[in-house]
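In: sequence first, then the predicted structure:
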Amino acid sequence: MNGLRVWLRQFAAKLSVAARGFMAGRYGTDRLNMAILCTGLVVSLLSVFSTSSGMTMVCFLLSYGLMIWAICRALSRNTYKRYQENRKFLQIFDRLKDRQHRYFDCPKCHQMVRVPRGKGKIAITCPRCREKFVKKT
Ligand SMILES: [Zn+2]
């Protein structure tokens, strides 16, 4: 009995070392991955409630596709690229949440410019290249 317990403990320790070795140099999970997984979950729930079989099939495939995508991202060794994806996602997410400002791309250098919302038509000067453009806020 004691021997089994020792063996189990050693086995668990070996497993955790193996898991750490497996994940070493891999990206792991982030906010974007959580969002992908949640979307996958919602889509798979939709497939349960959808009445047409075509819709069920589409939701089923989409939910699996999303989950496989999330797993691939978590196991990816290209951490820089995954980090950039997550950063872009968070940027878009923050823009959607921000009701006080509007965001424009500079037509010349594509720098993102944030201006207060609800000021009517205003002339915006790009902080990077000094290009002036008029936008309705
Ligand atoms: Zn510019």
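Out: Arrived safely.
In: how about the contacts made by residue 84?
Out: With contacts defined as CB atoms under 8 Å, 6 or more residues apart in numbering, residue 84 is in contact with no residue. (C-beta placed from N, C-alpha, C; glycine too.)
In: how about the secondary structure of it?
Out: Following DSSP: H, G, I helix; E, B strand; the rest coil, the label given to residue 84 is helix.
In: that one and residue 29: what is the separation?
Out: In this view, residue 84 and residue 29 are 16 Å apart by CB to CB, to the nearest Å.
In: which helix or strand contains residue 99?
Out: Residue 99 belongs to no helix or strand when assigned by DSSP states H and E.
In: helix or strand for the residue nearest in space to the middle of the chain, which one?
Out: For the chain, residue 32 is the residue whose C-alpha lies nearest the centre (CA atoms, centre = their mean; 1.6 Å). Per DSSP H and E, residue 32 falls inside helix 31-49.
In: for residue 21, give its distance to residue 61.
Out: 33 Å.
In: higher neighbour count, these two?
Out: The residue with more neighbours, out of residue 21 and residue 61, is residue 61; 12 against 9, by other CB atoms under 10 Å.
In: report the secondary structure state of the more buried one.
Out: helix.
In: how far away is it from the ion?
Out: 42 Å (CB to the ion, to the nearest Å).
In: now residue 102
Out: Residue 102 sits 16 Å away from the ion, going by CB to the ion.
In: again with residue 68
Out: Distance from residue 68 to the ion, by CB to the ion: 39 Å.
In: pull the number of nearby residues for that residue.
Out: Residues near residue 68, counting by other CB under 10 Å, number 12.
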